[in-house]
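Q: based on what follows, work out the 3D shape:
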Amino acid sequence: MALSPAAADAPIVLTDADGRFAFGSLPAGTYTISAAKSGYAGSSASARSGLRRPLIVPIGEATAVTGVIVSLARGAAVAGRLLDETGEPIANGNIFVEQLVDAGGARATRERRTAVTNDAGEYRVGSLPEGDYVVSRLAPPGTQGVRVDLTTAIFAAQPSSVPRPNGSPANLADFALPRVFFPGVTALAEAEVISVKTGEERPNLDLVGARPQAPRGEAVDLLLTSDRPPIARDPAARTTSAIRGTVLGPSGPLIGAEVRLTGDAIRSVPPTYTDEFGQYEFANLPAGVYTLTARKARYLSREFGQDGTADRGRRLTLGADERRDRADIALPRTSAVAGQLTDEYGDPIEGVSMRLQRIRFVSGRRRLVEVPGASNSRTDDQGRYRIFGLSPGSYIVAAYAGQLVLGQPDAADIPGYATTYFPGTANPAELRLVPVPASQDLEGVNFALSRTPTAAVSGVARNSAGEPITGGLLLRASRRSTAVGTTPVGARIERDGSFEFPNVAPGQYVIQAYKGRLRSSAEGEFAALNVTVNGTNVKDLLVQTSAGSTIAGRITFDSAQAPASRNFELSAVPSDPDLAPLDGNLARADIRNDWTFEMSGISGPRRLRLLRAPRGWGLKQIVAAGVDITDMPLPFGSKSESLSDIEVVLTDHITEIAGTVTDDRGRSVPDARVVAFAADRDLWYDRSRFVKIGAADANGAFAVRDLPPGSYFVSAVDRRRASEENGEWLDPEVLDSLTAGAVRITLSEGQSISANPTLRSR
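A: I've put the predicted structure just below:
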């Protein structure tokens, strides 16, 4: 329920189990009461719209108005599928449902609703008031005869005060996009009118004819070969070899699958797409060793010869004048998670953003991170959602009601509900992982939103010059707040710099404002402000960025000759992620020809780290004003905290640990990972130079280089467990568990030592 004009501290209330509501502490005046609920006519994406006939109520001084009854009618729904011309479903397609109005005898539309198709090509738009509608999709590029009706454009150009279900206003350019209307016409005047009554369902409104799309949005011409030949590294090489094969799905050949070829003998080769028989060919190739990769929407990408998600493919060796046939690649279908989201009374909730996440060890703590490749989903009027495009694994299902998910339209504006994790908890420590099998749909992942006294966090954001900041604001759970870090959310920001983070659950947070990196060696202005939320609104905050500090100095060498390569990378990595920008925005020092360097815009406590060096070189020491600061966190953020005479000493006397990974029977283990970490637990800080990982080759041989002198454990782990994406090997708890079966060694400066760790079966 909502009041207009909104009363202070009570703009929206929720009805109880009996449908009762109350607005308290209202000044005298005339108010409009509006209501919305999933499945009922009107918009449920914003509780500020939805009544077919808004109720106007006058309230006098010191009076109470009781017995107000608000009636909502059941909403109608339209549904169907989006298919390509071969009959395959199209995922992530945009479907538009617009209500028809009369514009002087001509057709015009208003109140556009949007839906995104799932992996089965299905869409549904509900909570519609009784009326006449048209359904459409975007026309493929190059569609002939597409016309845009002037009346549609006129209505699209009306003021944007009319709320939209997806949180966005009417937009002329958006409405003017070329579209195909149900049942397959290109003009609004020819579209079939879909008339719906209160509570009526209109299924099977299918749209057909969109062509398959390449991953980069290019229309796929089903070519057997690419129209551009590969470019050989050796111009004199004979390009007389070829590779042919078929891309297969579970039910047979796949049409329009993308196939890519990489190899040591070619510089570049464009991808090709399979024909109507699922076949592809790469011709005019030089002799060499090649890797083939195939992918297609709704299928997991695979390399030639790859058996599982975590396994590697088989490289293909091609001789001169050799034609290799039957280079077939089988693509398994992706998996999906589906279910229903309800409130505490069991009623469905519409417009909630559903996301899939995983737990990864990032920036010194366990964090919830988004799953690359997984679709986004919003609950429909029945509270149902479907997230697809998944590899097998264990996932976290999260529901965002009213929180602004980065990169997504506003979710349903429902107060009193925190971000909720399956099976229905707002506490990340109590979430339950959802195991998803390979190539299967996991249905029935149902849960209810967690009722919590949420609050708004608001204020104004300024840069160092006092000018308003209109973007780049994040709210993150502080590392001091929870054992598991949650994904950040965004703010509603106005042109004057005022901002609001809506529906924030109780806890400790940090607001971060970041302008964006100016160049590779200069971070943008930054600010971090700690906030505690306890169920009441937090107001009048001032978030003001500073230009940060400068770090400058020179690189020296402890040998007579400097390295020939300048492939060095020096950065200042955060020791407290609450007080620094996200990793992708960190500066890298600009190293000049005279070996001096500089980076600027540095904020928060940092450690200087040599992230990359040519083979045979490593870090020996970092000195400032005669003090060894090699592993010391230093404060930055103001001009007075800048450092101007840093000396970074590099050495070619680096350490090396080499050996072979074996199993319990003494056999070598290919492709394992070896973690070498300091025996001193105080050195297991985030991105410590005292913790490194190496990869074993096909014979189990490995080498870990450039560890500082000291005492270490050396342990072998499965490569999937120690992947860079997982980050588990950086977790101090995991390192502690590895000490029992590890090899113990001591390194001195420049020493090479042998160690042969055992990868034990689990």
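Q: ranges for the strands of the stretch 601-750 of the chain?
A: With strands called from DSSP state E, counting those that start in this stretch, the stretch 601-750 of the chain shows them at 606-612, 618-624, 627-628, 643-651, 656-660, 673-678, 691-695, 701-705, 710-717, 743-747.
Q: report the central residue of the protein.
A: When C-alpha atoms, centre = their mean is applied to the chain, the residue found nearest the centroid is Glu370 (4.7 Å).
Q: could you pull up the residues touching that residue?
A: Contacts for Glu370 were tallied using C-beta atoms under 8 Å, 6 or more residues apart in numbering; they are 355-357, 487. C-beta here means a position set from N, CA and C on the backbone, and glycine is covered the same way.
Q: swap in 10 Å and give it another go.
A: Shown in contact with Glu370 (C-beta atoms under 10 Å, 6 or more residues apart in numbering): 355-358, 376, 398, 405-407, 487.
Q: same question for Leu619.
A: Taking C-beta under 10 Å, 6+ apart, one finds 568, 570, 608-611, 613, 630, 648-651, 654, 689, 706, 708 in contact with Leu619.
Q: and Ala189, its phi and psi?
A: phi -60, psi -20 (degrees, to the nearest 10).
Q: tell me, how many residues neighbour it?
A: 11 (other C-beta atoms under 10 Å).
Q: against Thr246, how distant is Glu276?
A: 12 Å (C-beta to C-beta, to the nearest Å).
Q: of all the strands of the stretch 601-750 of the chain, which one comes closest to Gln508?
A: Closest to Gln508 of the strands of the stretch 601-750 of the chain is strand 606-612 (C-beta to C-beta; 22.4 Å).
Q: relative to strand 643-651, how tilted is the closest one?
A: Strand 606-612 runs at 40 degrees relative to strand 643-651, counting by axes from the mean of the first three to the mean of the last three C-alpha atoms, to 10 degrees.
Q: run through the neighbouring helices and strands of the helix or strand where Leu292 lies.
A: Assigned by DSSP states H and E, Leu292 falls within strand 288-295. Secondary-structure packing of strand 288-295 (3 or more C-beta pairs under 10 Å, 6 or more residues apart in numbering; DSSP states H and E): strand 241-249, strand 258-263, strand 279-285, strand 302-303, strand 316-318, strand 329-330.
Q: what pairs with the fifth one, parallel or antiparallel?
A: Each strand paired with strand 316-318, and its direction, by DSSP bridges: strand 288-295 (antiparallel).
Q: rewinding a little: right, so the strands of the stretch 601-750 of the chain: which one is the most enclosed?
A: strand 673-678 (a mean of 25; mean count of other C-beta atoms under 10 Å).
Q: if we can go back for a sec, now the helices and strands packed on strand 288-295 as TSV including mean neighbour count, distance to Thr746 and mean pLDDT?
A: Listed next are those as TSV, based on neighbours: other C-beta atoms under 10 Å; distance: least, C-beta to C-beta, whole Å; pLDDT from 0 to 100:
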stretch	mean neighbour count	distance to Thr746	mean pLDDT
strand 241-249	21	51	95
strand 258-263	20	42	93
strand 279-285	22	51	93
strand 302-303	20	41	94
strand 316-318	18	43	91
strand 329-330	20	48	96
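Q: among the ones you listed, which is nearest Ala552?
A: Judging the helices and strands packed on strand 288-295 by C-beta to C-beta, what sits closest to Ala552 is strand 258-263, at 40.5 Å.
Q: what helices or strands is the closest one leaning on?
A: Right, strand 258-263 is packed against strand 241-249, strand 272-273, strand 279-285, strand 288-295, strand 316-318 by 3+ C-beta pairs under 10 Å, 6+ apart.
Q: just send these back as TSV, with distance to Ile33 too.
A: Shown next, in TSV, are the helices and strands packed on strand 258-263 (distance: least, C-beta to C-beta, whole Å):
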stretch	distance to Ile33
strand 241-249	54
strand 272-273	57
strand 279-285	62
strand 288-295	52
strand 316-318	70
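Q: who does Gly131 bridge with?
A: According to DSSP bridges, beta-bridge pairing links Gly131 with Val196.
Q: was I right to think it contacts Leu100?
A: Yes: here Gly131 reaches Leu100: they are 7.3 Å apart, a contact under C-beta atoms under 10 Å.
Q: more neighbours: these two, which one.
A: Leu100 (19 against 15).
Q: now do the contacts for that one.
A: Leu100 neighbours (C-beta under 10 Å, 6+ apart): 107-111, 131-134, 188, 191, 193-195.
Q: same question, Leu368
A: 355, 357-360, 362, 396, 398, 419, 421, 428, 431, 477, 484-487 are the contacts of Leu368 under C-beta under 10 Å, 6+ apart.
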